[in-house]
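> Prediction below, plus the sequence it came from.
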Amino acid sequence: QLQLVESGGGLVQPGGSLRLSCKASGFTLRSNTIGWFRQAPGKEREGVSCISSSGGSTNYADSVKGRFTISRDNAKNTVYLQMNSLKPEDTGIYYCAAGRVQSLATTWYGYWGQGTQVTVSS
């Protein structure tokens, strides 16, 4: 069964950090672009970051540039999102997804995880 599982979410104070993980089972991630997306209550799902299959190319939404870092360990079949200097507006459910095109648009991704909640609040 093809599956993506996110972990690492939680409650953190503004200015804090979290590291999200996205682990695949049933297939190998190394041939896929992996994207991180988030959805806040009442808002559409938006692209946060994505990384090429080799890990040599990354993209970030303007709102997270300089604060978030995406990386991948193909040997562990896992992609990470390091989130620093978190702000209340970063709150939402974070999803990882596997696709074939390096893009922050959801339409290019066919496999999705169930999401992990990130809450930034004092």
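Great, that's in hand.
> export stretch 76-91 as CSV, just CAs?
Backbone C-alpha positions of stretch 76-91 (Å, rounded to 0.1, in the frame of the first residue of the first chain) are rendered in CSV as follows:
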residue,chain,number,x,y,z
LYS,A,76,15.7,6.7,4.7
ASN,A,77,12.9,7.4,2.2
THR,A,78,12.1,10.5,4.2
VAL,A,79,11.8,14.2,3.5
TYR,A,80,12.1,16.9,6.2
LEU,A,81,10.9,20.4,6.7
GLN,A,82,12.8,22.4,9.3
MET,A,83,10.8,25.3,10.4
ASN,A,84,12.4,28.1,12.4
SER,A,85,11.2,31.5,13.6
LEU,A,86,7.7,30.3,13.5
LYS,A,87,4.9,32.8,13.4
PRO,A,88,1.2,32.5,14.3
GLU,A,89,0.3,32.7,10.6
ASP,A,90,2.3,29.5,10.1
THR,A,91,-0.5,27.6,11.9
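> i'd like the first residue to be 181 from this point on
Sounds good: first residue 181 from here, last item stretch 256-271.
> Next, the residues that contact it from outside, please.
192, 194-205, 208-210, 214, 216, 218, 220, 228-229, 231, 243-244, 247-253, 274, 276, 298-301 (Cβ atoms under 8 Å, 6 or more residues apart in numbering). For every residue, glycine as well, the C-beta is placed using N, CA and C.
> How far away from the center of its chain is it?
7 Å (Cα atoms, centre = their mean, to the nearest Å).
> now stretch 276-283
11 Å.
> Could you pull out the buried residues of it?
276-279, 282 (16 or more other Cβ atoms under 10 Å).
> ok, of the residues you listed, which one's closest to Leu182?
Nearest to Leu182 out of those is Ala278 (Cβ to Cβ; 8.6 Å).
> Contact partners for the closest one?
Ala278 neighbours (Cβ under 8 Å, 6+ apart): 184, 204, 207, 209, 212-214, 289-291.
> before we move on, which element is Tyr274 in?
strand 272-279 (DSSP states H and E).
> now do Glu186
strand 183-187.
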